[in-house]
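**Q** following is a predicted model, sequence given first.
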Amino acid sequence: MARFKIGENIGFFRRNEVMRKGVVVAGPWNVDSVDHYHVKWDWLHYEDKGFISPDKLDLICDLSSEKYQYNLI
């Protein structure tokens, strides 16, 4: 079951620190039992600047991990 819907604000967290904030703009697509979404990031942590362009879409997959996770904000 999909956790996110189009138009929802989500955050990408590394442990408990927010690394990116953005909006789900498309999805979910279920591939091999993993939900995938297009996200437009509108805020990037200083460590991500230079690696990710905030004006482009990013394809994410909603996998569980102890270190990294996506959550509603």
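**A** Ah, there it is.

**Q** what strand or helix carries residue 7?
**A** Following DSSP states H and E, there is no helix or strand that holds residue 7.

**Q** residue 23 is in contact with that one, correct?
**A** Yes: using C-beta atoms under 8 Å, residue 7 is in contact with residue 23, at 6.6 Å. Heads up, the C-betas are built off the backbone N, CA and C, glycines and all.

**Q** what is the neighbour count of residue 60?
**A** Residues near residue 60, counting by other C-beta atoms under 10 Å, number 20.

**Q** is it bridged to anything, and to what?
**A** residue 37 (DSSP bridges).

**Q** residues in contact with it?
**A** 12, 36-39, 70 (C-beta atoms under 8 Å, 6 or more residues apart in numbering).

**Q** picking up where we left off before, which one of residue 7 and residue 23 has more residues nearby?
**A** residue 23 (15 against 8).

**Q** check contacts around that one.
**A** Contacts of residue 23 (C-beta under 8 Å, 6+ apart): 7-10, 39-40, 42.

**Q** in this structure, which spans are strands?
**A** In the chain, the strands defined using DSSP state E lie at 9-14, 17-31, 34-44, 57-61, 68-72.

**Q** in the first one, what counts as buried?
**A** For strand 9-14, the neighbour count (16 or more other C-beta atoms under 10 Å) marks 10-13 as buried.
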